[in-house]
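>>> The following comprises the amino acid sequence and a computationally predicted model.
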Amino acid sequence: MKMKLATLALGAVMAAGPAMAELVFPSLSYRTGPYAAGGIPFADGYADYFTLLNERDGGIGGEMIEVPECETAYNTEKGVECYEATKDLGSLVYQPLSTGITYQLIPKITADGIPMLTSGLGRTSAKNGAVFPWVFNFPANYWDGASVAIKHIIEEEGGDISGKKIALVYHNSAYGKEPIRTLEKLSEKHGYELTLQAVDHPGQEQKSQWLQIRRERPDYVIMYGWGVMNQVAIQEAVNIRFPMENFIGIWWSGSENDVKPAGDGAHGYKALTFHNLGDDYPLYDDLKKHVFDKDLAAGSGDQHGTAIYNRGLYAAMLVAEAAKTAQEIHDTSKITPAMMRDGMEALEMTEEKMESLGLPRFGPEFKVSCENHGGNGYAAIGQWDAKAGEWKLVTDYMQSDQEIVQPLIEADSMAYAEENGITPGCN
Amino acid sequence: MFYREAGDFKTSYPKDSQTFPIKLDRFGFFAVLFIGFAIIPFVLNDYWVNSVFLPFLIYAIAAIGLNLLVGYCGQVSLGTGGFMAVGAYACYKLMTGLDIWIGGVEYALPPINIVFSVILAGLITAIVGVLFGLPSLRIKGFYLAVATLAAQFFLVWLFNKWSWAYNYSSSGQINAPERSVFGVPVTGSNTEPWAVYLFCLVFLTVLALIARNLTRGSIGRKWMAIRDMDIAAEIIGVDPLKAKLSAFAVSSFFIGIAGALFFSVYLGAVEVGEVFGINKSFLVLFMVIIGGLGSIFGAFAGAAFLVLLPVFLKNTLVGGLGWPTDLAAHLEFMIVGGLIITFLILEPHGLAQLWRIIKEKLRLWPFPH
């Protein structure tokens, strides 16, 4: 039985053998499980952008793009399997969209020499490229998110939040725990009172946390949730009549899928974002012409223009631009993962560049360097309009409190370097 | 004709009571060992070791451990994930240098060699297992299952909450630093496929031999007596306290080692709620049930079945037939679930029973009565 299965599996692997495309951007997606509400739009956006490049421009620099997809279900074991299955296809960059899988892959990609981009997720201290040469997390990270949320609250309160109560509702995992230290440091600086409410995976059961919130009556609630946890939290907040404009989610808690189940009650809910929302961009016209109308859209095609779909587009756009940069630096269209890394480290996103791509004012401007793999930490606040059924940006892009965030990144990355015997350095 | 004990004469008692009394079994056993130790390491690549062999070897250890408790001693346990977490975190603390705080003063042990870290992690899990096994002296069956379920949830909660256990890291994750055996790295990122494979295989082989011999000896007989009828066992002189607690200890020792290897060698980074959740407990229990309760071979067969089948299905449906990944993932659930149900209806005693029937038929073949 065992041998027979093994032989069959071997046959299947052989049959699946590498179709050598020139540029491979694997997509470790999750279209199943409790986090699929976020995984599906992201994977669709990621795939559609590359399909557009293939259809409209004939790939990047004349090289066609392949996007092999592998289902992880947000599960670390399947994530490892997917990584091993795709890494020999010539994969240029990984974007796992899962902090757990990111932690898993950091040592592996470093050993194998394949870059990884974790925009707005993953290990925050990877911003320090001197310690994490292969990991990038531009344009913003979790600690930036926490800091910008506090900044917004300070603005709302007219400059002083001492004595205010802020509760953090977080996914009880590496992801959710990331902002705690930043929020604690910020509370020392601004004098607010922080309470923590952990929600266990997958997050369908939150009655006790929200009862506690109802009892303690915090002035603001910040949420670090993902997948089904977001929908449940927003519904619970509606149930206890928490004022929605005082409820701020991180960018992973700010998609249409999260607010729609709560109906009109979710009106006024806020969420951070590090890129713009909506589908009013020239790029969408191209997408419609070259992808949607030709029936080439990934998935069921019902996510276009949603917040996380846009993030998938943005993620694909960033690595596509990095690939272009790499092609320029090395003067070859056939880039290797190591060249891709150089391209990512030399990436510069400017307003002109985004405009020429059909995405004017879509994301912040930033320039990557070896010392800074994480951009400048700009994020804005979007607010859900339940009547219109869309997200609207209500603030400008604000920079996070670098005084607080930067020393934390320095300390955490140095601790990692020491633990793993890495000599930090930029060459 | 091919499989028989006729003509296989024993001239001494030790020979008669050896582990594999039939020559063909013995031959098969050594052949499997030879393939495992001398052939597979040379043909391995990263994909095979990380998606097939490591999970298979490690789950086999866990399944043997749980089989000792559930299959041989009859004590139902749903705490496997929690006990694996104990093994993982114990191994992490030992391999990074255990720090003990007494009265605000830190006493730090130097990092312990990975081999001993894993074994000690097993011993620590054994102690924890005995503690959570205490209720088994008073309650049985479903009620015991619920008590061990409490262990599962408590332990996962503990390792999420207790920052000492994850060395106060801000993310609550534990990461295995690079550690080597005889100069060959077996944890961390710069490992060779054959090294991690052999490392786990050595543990599995030794533990499987221990398990096999334990179950053939007096301890195993006591466990089985308790399983079959505890009152009768007590009357004939089996001490239920010792038998049940020793079953919990040995079983947890195995499971702890599996957890330690799972974290340090296989995954390298662990988030307790996600990796050692209730799903893990059920997965290992399914392995034991599908493989066959009360059979060491069954533990291997069950682990192989539940590790290989999803990988095989994924590769066939997505890689071979080019189906969308989400459709394949959903179908995978349905096929695996369907197979489990069909299988348990057709052969309730698991894969091990199937194997026994085949052997029985082969003994008579080609002249069945």
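Looks like it came in fine. Numbering: from 1, shown residues only, chains lettered A, B, ... in the order given.
>>> How is B:Gly322 assigned, secondary-structure-wise?
Three-state call for B:Gly322 (DSSP: H, G, I helix; E, B strand; the rest coil): coil.
>>> quick one: it from chain A, how far?
Remark: distance between B:Gly322 and chain A (CB to the nearest CB, to the nearest Å) = 9 Å. Placement of C-beta: from N, CA and C, glycine included.
>>> cool, B:Gly103 as well?
Separation of B:Gly103 from chain A (CB to the nearest CB): 26 Å.
>>> pLDDT at that residue, what is it?
For B:Gly103, the pLDDT comes out at 81.
>>> and it, what is it in contact with?
Taking CB atoms under 8 Å, 6 or more residues apart in numbering or on different chains, we find B:Gly103 in contact with no residue.
>>> And it, how far from B:Asn167?
20 Å (CB to CB, to the nearest Å).
>>> Chain B versus A:Cys402, what's the distance?
Wrong residue type there; residue A:402 is Gln, not Cys. Noted for A:Gln402: a distance of 18 Å to chain B, by CB to the nearest CB.
>>> wait, isn't that residue in contact with A:Gly375?
No - counting by CB atoms under 8 Å, A:Gln402 stays clear of A:Gly375, with 11.7 Å between them.
>>> and these two? which has more neighbours close in?
Between A:Gln402 and A:Gly375, A:Gly375 has the larger neighbour count (other CB atoms under 10 Å in any protein chain shown), namely 26 against 13.
>>> and the residue of the stretch 251-369 of chain B found nearest chain A, helix, strand or coil?
Going by CB to the nearest CB, chain A is nearest to B:Gly319 of the stretch 251-369 of chain B, at 2.7 Å. Classification of B:Gly319 by three-state DSSP places it in helix.
>>> Next, count neighbours for it.
The tally of other residues near B:Gly319 (other CB under 10 Å) stands at 19.
>>> so what pLDDT did it get?
So, for B:Gly319, pLDDT stands at 80.
>>> same deal with A:Thr7?
At A:Thr7, pLDDT is 47.
>>> Equivalent analysis for B:Val275, please.
pLDDT, B:Val275: 90.
>>> Quick one: end-to-end distance for stretch B:134-148.
10 Å (CA to CA, to the nearest Å).
>>> Low-confidence regions, chain B specifically.
Chain B contains residues with pLDDT under 70 at B:1, B:369.
>>> And the strands in it, which stretches?
Using DSSP state E, the strands of chain B run over residues B:99-102, B:105-108, B:174-175, B:180-181, B:184-185, B:269-270.
>>> got TSV for those, with mean neighbour count too?
Listed next are the strands of chain B as TSV, based on neighbours: other CB atoms under 10 Å in any protein chain shown:
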stretch	mean neighbour count
strand B:99-102	10
strand B:105-108	9
strand B:174-175	26
strand B:180-181	15
strand B:184-185	14
strand B:269-270	26
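>>> tell me the contacts of residue 245?
Just going to use chain A. Contact analysis of A:Glu245 by CB under 8 Å, 6+ apart lists A:Gly268, A:Tyr269, A:Lys270, A:Gln383.
>>> that answer is for a different chain, and I need it for chain B
Per CB under 8 Å, 6+ apart, neighbours of B:Leu245: B:Val130, B:Gly133, B:Leu134, B:Ser136, B:Leu137.
>>> Could you check how far the fourth one is from B:Val130?
This means B:Ser136. 10 Å.
>>> need the helix or strand of chain A with the lowest average pLDDT.
One helix or strand of chain A scores below all others by mean pLDDT, DSSP states H and E: helix A:2-15, with a mean of 45.
>>> Write out the residues of the stretch 51-200 of chain B neighbouring chain A.
Applying CB under 8 Å from any CB of the partner chain, we find that the stretch 51-200 of chain B lies next to chain A at B:51-52, B:55, B:96, B:160, B:170-173, B:175, B:177-178, B:188-190.
>>> hang on, the earlier thing: toward the C-terminus from the least confident helix or strand of chain A, list the very next helix or strand.
Using DSSP states H and E, the helix or strand that follows helix A:2-15 in sequence is strand A:23-24.
>>> Contacts for that next one, please.
Here strand A:23-24 has contacts from A:59-60, A:63-68, A:86, A:89-92, A:323, A:335, using CB under 8 Å, 6+ apart.
>>> how about 6 Å then?
A:Ile60, A:Glu63, A:Ile65, A:Glu66, A:Leu89, A:Gly90, A:Ser91, A:Leu92 (CB atoms under 6 Å, 6 or more residues apart in numbering or on different chains).
>>> And the furthest pair within these?
A:Ile60 and A:Leu89 (16.6 Å; CB to CB).
>>> neighbour count winner among these two?
Each of A:Ile60 and A:Leu89 has its neighbours counted (other CB under 10 Å); A:Ile60 has more, 24 against 16.
>>> For the stretch 101-250 of chain A, which segments count as helices?
With DSSP state H, counting those that start in this stretch, the ranges of helices along the stretch 101-250 of chain A come out as A:142-156, A:174-190, A:207-216, A:228-239.
>>> The second one vs helix A:142-156, what angle?
Counting by axes from the mean of the first three to the mean of the last three CA atoms, to 10 degrees, helix A:174-190 points 40 degrees away from the direction of helix A:142-156.
>>> For B:Ser136 and B:Val130, indicate the residue with more neighbours.
Each of B:Ser136 and B:Val130 has its neighbours counted (other CB under 10 Å); B:Ser136 has more, 25 against 16.
>>> Wait, that one touches B:Ala243, no?
No - with contact defined as CB atoms under 6 Å, B:Ser136 does not reach B:Ala243; the gap is 10.1 Å.
>>> which ones are touching the closest residue to chain A within the stretch 51-200 of chain B?
As assessed by CB to the nearest CB, chain A sits closest to B:Ser189 within the stretch 51-200 of chain B, at 3.4 Å. Residues counted as contacts of B:Ser189 (CB under 6 Å, 6+ apart) are A:Pro107, A:Lys108, A:Thr110, A:Ala111.
>>> Could you identify the most distant pair in these?
A:Lys108 and A:Thr110 (7.2 Å).
>>> any idea what sits nearest the residue of the stretch 51-200 of chain B closest to chain A, other than its immediate chain neighbours?
In this structure, B:Ser189 finds its nearest non-sequential neighbour in A:Pro107, 3.4 Å apart by CB to CB, 6 or more residues apart in numbering or on different chains.
>>> Tell me how far B:Ser251 lies from B:Ala208.
14 Å.
>>> Repeat that for A:Gln197.
45 Å.
>>> Over to A:Glu178?
Distance of A:Glu178 to B:Ala208, computed by CB to CB: 41 Å.
>>> quick one, which of those two is more surrounded?
A direct count of neighbours by other CB under 10 Å for A:Glu178 and B:Ala208 places A:Glu178 higher, at 27 against 18.
>>> what sits against the more buried one?
Contacts of A:Glu178 by CB under 6 Å, 6+ apart are A:Thr124, A:Tyr142, B:Ser171.
>>> For B:Ile61, grab the count of nearby residues.
B:Ile61 is flanked by 28 other residues according to other CB under 10 Å.
>>> ok, now B:Asp228?
By other CB under 10 Å, the residues close to B:Asp228 number 10.
>>> who's in contact with it?
Taking CB under 6 Å, 6+ apart as the definition, B:Asp228 has no contacts.
>>> Quick check: closest non-adjacent residue to B:Ile219.
Leaving aside its chain neighbours, B:Ile219 sits nearest to B:Ser246 (6.3 Å; criterion: CB to CB, 6+ apart).
>>> Contacts only, for B:Phe253.
With CB under 6 Å, 6+ apart, B:Phe253 has these contacts: B:Gly122, B:Ala126.
>>> swap the cut-off to 8 Å and go again
B:Gly65, B:Gly122, B:Leu123, B:Thr125, B:Ala126, B:Gly129.
>>> now do A:Tyr378
By CB under 8 Å, 6+ apart, A:Tyr378 lies in contact with A:Pro139, A:Ala140, A:Asp144, A:Val148, A:Phe274, A:Pro364, A:Phe366, A:Tyr397, A:Met398, A:Gln399, A:Ser400.
>>> possible to save those as a markdown table with pLDDT and distance to chain B?
What follows is those, written out as a markdown table (pLDDT from 0 to 100; distance: CB to the nearest CB, whole Å):
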| residue | pLDDT | distance to chain B |
| --- | --- | --- |
| A:Pro139 | 89 | 21 |
| A:Ala140 | 90 | 18 |
| A:Asp144 | 92 | 15 |
| A:Val148 | 94 | 19 |
| A:Phe274 | 92 | 20 |
| A:Pro364 | 90 | 25 |
| A:Phe366 | 91 | 24 |
| A:Tyr397 | 91 | 26 |
| A:Met398 | 91 | 23 |
| A:Gln399 | 92 | 22 |
| A:Ser400 | 92 | 16 |
